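# How does the following fold in three dimensions:
(2 chains)
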Amino acid sequence: MLRNADMNMDVNKRENRPGFYVSIFFQYAGQYLKTRLTYRVDMLVEIMSDLLFQAVNLIFILVVFGHTTLLAGWTREEIIFIYGFFLVPFSLFSAFFSIWDFNDRYIVKGEFDRILTRPVHSMFQIIIERMELESLFGVVTGVVVMGYAAMHMDLSLAWYDPFIFILMAVGGACIYGGIIIMIASISFWSDAKSDIMPMIYNISNYGRYPVDIYNGVIRFILTWILPFAFVGVYPAAYFLGREEWVVYSFLTPFMGFLFLGVAFLIWNKGVKRYRGAGN
Amino acid sequence: MGSHYLEMIRIRFLMMLAYRTNYYSGILIYSINIGAYFFLWTAIYGDQGSIQGLSVLQMTTYVAVAWMARAFYFNNIDREIAMEIKEGKVAIEMIRPYNYLFMKVTQGLGEGIFRLVFFSVPGMLIILLIFPLQISTEISVWSLFAVSIVFSFIINTQLNLLTGTLAFFLFNNEGLIRAKRVVIDLFSGLILPISFYPIWAQSVMDFLPFQAISYIPSMIFTEGFTGSAVWEALVFQMVWIVILIVPIQCLWWVAKRKLVVQGG
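Below you'll find the model as predicted:
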């Protein structure tokens, strides 16, 4: 008995070391690349389809500006820049938080039982299982799009801007991650099939446009409830030199950590409630 | 004959019904979604009275109806077919006494009817209360629209069958399915009416089936198409329905011969 308890203690120690998480992460990433490279053609098609998807949004902007010159006082290049910025946190998010199908895959099909037997935090286990590393390619696309727009506008960068950029991009990705985890956590309380995820995804697109085009209610939702404006227009406004939103711009990382933190609390509460689907 | 397909529609409908609660929150989110588009398009129009013959009111109506119609014609049978092929279940499906592809279509229809009744109709009513949309009161417009979205469903489902069946040859066609979805969003007229595109792009799209999915029913509903344009559009849809039967049948015929069940 004593020996058994000892072993458990030992296991607990090992699990709690951050190094353990890092090494598990890289092992999963390695496995992931192997499985992806088995279906090479498909991976290529997937990257292409991501590019295509990003092109669609650019085409939307270009076509719209074929019929107007200003969108509520914003030029075509500014809107393109915001879109380019948005792509960076969005790709970070899609690479690590693609859990759109959490309810179906883990709750309804009972897969979550297996997750709970693993020696790492359940959220971490799901993240490493569901990584889509090829999405990181979108970071490159985003930087290129931003670069293109910045060149046309003669934007100048200070030496610290790249660091602010990273901080804001990570903050934006955390907001996304937080929201998706909160929505996924609903499944612990209600196992009903949900179509909310794709729709939230649609709403997330509105953070890419200057929020001053919306009315008060939607602006409020995009700022405080589903704060997608912090993934696109607010932080991008800083780089575009739009002084009027500078407070919002610098709120981005704080909102990110707040949302992700609250999401983890809700998730942990939900996990305690989890009873298994009984299959 | 045929009654078991009707049964499939009913079963899928009941299956969706069992999970209906979340559709109410879905309606709310859809309303926000359409609301955001409403403001986006209002900003795009600015002071302009109309763009490409559509007023801002028609445009927002277009967006609202396009998304509501999508709830009806949209389904995941491409993914389901690909899944069943990957898991090897398709071998069992093939020996069952029905046409596998047609059975999938009926399941898609069951889902579509469910979403139409529990999602699109109440959603549209709520949106009507909030936003000033321009809804026709003429029965002829409504009935032509009804015919047109049935055609949209058929064409979208045919494209799904095509991409789904391709899993027989690619083994893993997730990427292709995603690419198809993007192409349909862009070229079907869901996010932008086809008439907004540059002329050269429009003439390319005239040779593709995609505008039959969303552009045509939405234009009929908003009365962007009138008179003979409506009939031409419906003929366009019908022609594509007939054309698309050919590659589906060919693919299915070849696929049955080269079926490789991976594990299973």
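# Give me the phi and psi angles of B:F225.
Main-chain dihedrals, B:F225, degrees, to the nearest 10: phi -100, psi 130.
# and what of A:L157?
Dihedral angles phi and psi of A:L157 (degrees, to the nearest 10) take the values phi -110, psi 140.
# Spit out the contact partners of it.
Residues touching A:L157, when contacts are defined by C-beta atoms under 8 Å, 6 or more residues apart in numbering or on different chains, comprise A:F239. C-beta coordinates here come from the backbone N, C-alpha and C atoms, glycine included.
# again, but for B:I177
Contacts for B:I177 were tallied using C-beta under 8 Å, 6+ apart; they are B:D78, B:R79, B:A82, B:T163, B:G164.
# Correct me if wrong: the second one contacts B:L161.
Read that as B:R79. No - taking C-beta atoms under 8 Å as the definition, B:R79 is not a contact partner of B:L161, at 11.9 Å.
# Whichever strand or helix holds A:M197 - what's its average pLDDT?
In the assignment (DSSP states H and E), A:M197 maps to helix A:196-204. Across helix A:196-204, pLDDT averages out at 72.
# Between B:R79 and B:L161, which is the more surrounded one?
Comparing B:R79 with B:L161 by other C-beta atoms under 10 Å in any protein chain shown, the one with more neighbours is B:L161, at 25 against 18.
# Report whether the expected contact of B:N33 with A:N202 is present.
Yes - under the criterion of C-beta under 8 Å, B:N33 is in contact with A:N202, at a separation of 5.0 Å.
# more neighbours, those two?
Of the pair B:N33 and A:N202, B:N33 is the one with more neighbours under other C-beta under 10 Å, namely 22 against 16.
# Check for me that that one belongs to a helix.
Yes - assignment of B:N33 by DSSP: H, G, I helix; E, B strand; the rest coil places it within a helix.
# and it, how far is that from chain A?
For B:N33, the distance to chain A under the criterion C-beta to the nearest C-beta, to the nearest Å works out to 5 Å.
# Spatially nearest residue to A:Q54 (excluding sequence neighbours)?
Of all residues beyond its chain neighbours, the one nearest A:Q54 is A:T141 (5.4 Å), with distances taken as C-beta to C-beta, 6 or more residues apart in numbering or on different chains.
# Report pLDDT for the one you found.
We note a pLDDT of 94 for A:T141 in this prediction.
# Could you pull up the residues touching it?
Residues near A:T141 by C-beta under 8 Å, 6+ apart: A:L51, A:Q54, A:G84, A:L87, A:S91.
# Doesn't it belong to a strand?
No - following the definition three-state DSSP, A:T141 is helix and is not counted among the residues of a strand.
# what about it, distance to chain B?
Here the criterion is C-beta to the nearest C-beta. By it, A:T141 lies 14 Å from chain B.
# and what of A:F254?
When A:F254 is compared with chain B (using C-beta to the nearest C-beta), they lie 24 Å apart.
# and stretch B:147-154, average pLDDT?
Throughout stretch B:147-154, pLDDT has a mean value of 95.
# buried set for that stretch?
Applying a neighbour-count criterion of 16 or more other C-beta atoms under 10 Å in any protein chain shown, one finds B:S148, B:I149, B:F151, B:S152, B:F153, B:I154 buried in stretch B:147-154.
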